[in-house]
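A.B. asks: okay, here's the prediction I keep looking at, along with the sequence it came from:
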Amino acid sequence: MEKRVFGKTGMNVSVLGFGGAEIGFEGASASTVKEILSAALDAGLNVIDTAECYMSSEELIGDAVSSRRDDYYLFTKCGHKWTYTEEAWTAADIAESLERSLKRLKTDYVDLLQLHSCNKKILQKGEVVKALEKAKEEGKVRAIGYSGDGDDALFAIKTGAFDVLQTSCSIADQESIEKLLPLAAEKGMGVIAKRPIANAAWRNTSRPQNIYIQPYWERLKELKYDFINGNVETVGETALRFTLSCPVHTMIVGTTKPTRWLENARIVEQGNLSEEEFEAIRARWKKVARKDWVGQV
């Protein structure tokens, strides 16, 4: 699998990584997670991204592949206790969160610790950044990052404090392509694309019940890309390769299906979209997208 140098971190990351949200929120079994991750690592994946607030995700990952710790880069996030709605942004909160994560993940360090959608006001106080830097000095963290979107992410990039940006980038979420990615590249940051297949919103023939998917479903309904023609597999290929064609280093895709990651790996082996295909999608976005179609946190 293709690998890209992860900005100034120097890590050589696989262009396709594993996102740990789904296995936590959907209650995947330990045996399923072990099957998925073992096969993915064997196939060349070397990025696993999770967060403390992804329910049992960290424990599942730790149980499944901690014995293969040298085979992958391990990323996690802090700022929320147990659930995404319970924020925790003091230096003590971050230190305690990291210790919990290390224990669950069965490791003594993570390659990347990210602030999880931390807003600008909190960033301006400086405490959270100092907490991350302290963890880095202690050797518990190799690199520090910011995960988020929009104006908050833009402010985070401008501080110059972070090694890595994780942000939304897909056929249904393109604000970051102009607003964030050029400046991140200028700062030498590694870039992680989250939701690179737009939550597979096109699979829903009617408005989905899941509110997490609804914004992308509604956008795609208006965008009316010509490649969304009923063949969900073809749409998925185009979507994933579109994000691959953007200036990102790795794309985080989650799944609870043992075969899905390998299927996605075969897609990225096809490489970037042609310039014509890529620009057609960008042109359609620029023509249709409304001002309130901002990056989805």
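C.D. replies: That came in fine, so what should we check first? Residues are numbered from 1 along each chain as shown.

A.B. asks: give the contact list for Leu74.
C.D. replies: Contact partners of Leu74, counting by Cβ atoms under 8 Å, 6 or more residues apart in numbering, are Ile48, Ile61, Leu105, Thr107, Val110, Asp111, Leu112. Where C-beta positions appear, they are placed from N, C-alpha and C, glycine not excepted.

A.B. asks: and the next element down the chain from the helix or strand harbouring it?
C.D. replies: Remark: Leu74 resides in strand 73-78, with elements defined by DSSP states H and E. Next helix or strand after strand 73-78 toward the C-terminus (DSSP H and E): helix 91-105.

A.B. asks: the strands in the stretch 1-150 of the chain, which residues?
C.D. replies: Secondary structure of the stretch 1-150 of the chain (DSSP state E, counting those that start in this stretch): strands at 3-5, 12-14, 16-19, 47-49, 73-78, 110-116, 141-147.

A.B. asks: these: which one's closest to Lys291?
C.D. replies: With Cβ to Cβ as the criterion, Lys291 lies closest to strand 141-147 of the strands of the stretch 1-150 of the chain, at 23.6 Å.

A.B. asks: tell me the strands beside that closest one, with direction?
C.D. replies: Using DSSP bridges, strand 141-147 pairs in its sheet with strand 110-116 (parallel), strand 164-168 (parallel).

A.B. asks: between strand 73-78 and the first one, find me the angle.
C.D. replies: With axes from the mean of the first three to the mean of the last three Cα atoms, to 10 degrees as the criterion, the two stretches strand 110-116 and strand 73-78 enclose an angle of 30 degrees.

A.B. asks: and the helix or strand hosting Arg241, which residues are buried?
C.D. replies: For Arg241, the host element (DSSP H and E) is helix 232-244. For helix 232-244, burial by neighbour count (16 or more other Cβ atoms under 10 Å) applies to Val235, Gly236, Glu237, Thr238, Ala239, Leu240, Arg241, Phe242, Thr243, Leu244.

A.B. asks: likewise for stretch 287-297?
C.D. replies: Residues of stretch 287-297 classed as buried: Ala289, Trp293, Val294, Gly295, Gln296, Val297 (neighbour count, 16+ other Cβ under 10 Å).

A.B. asks: swap in stretch 263-276?
C.D. replies: Those would be Asn264, Ala265, Ile267, Val268, Asn272, Leu273, for stretch 263-276 by 16+ other Cβ under 10 Å.

A.B. asks: which elements pack onto the helix or strand encompassing the first one?
C.D. replies: Spelled out, it's Asn264. Assigned by DSSP H and E, Asn264 falls within helix 260-268. The contact analysis (3 or more Cβ pairs under 8 Å, 6 or more residues apart in numbering; DSSP states H and E) places helix 260-268 against strand 16-19, helix 30-42, helix 232-244, strand 250-253.
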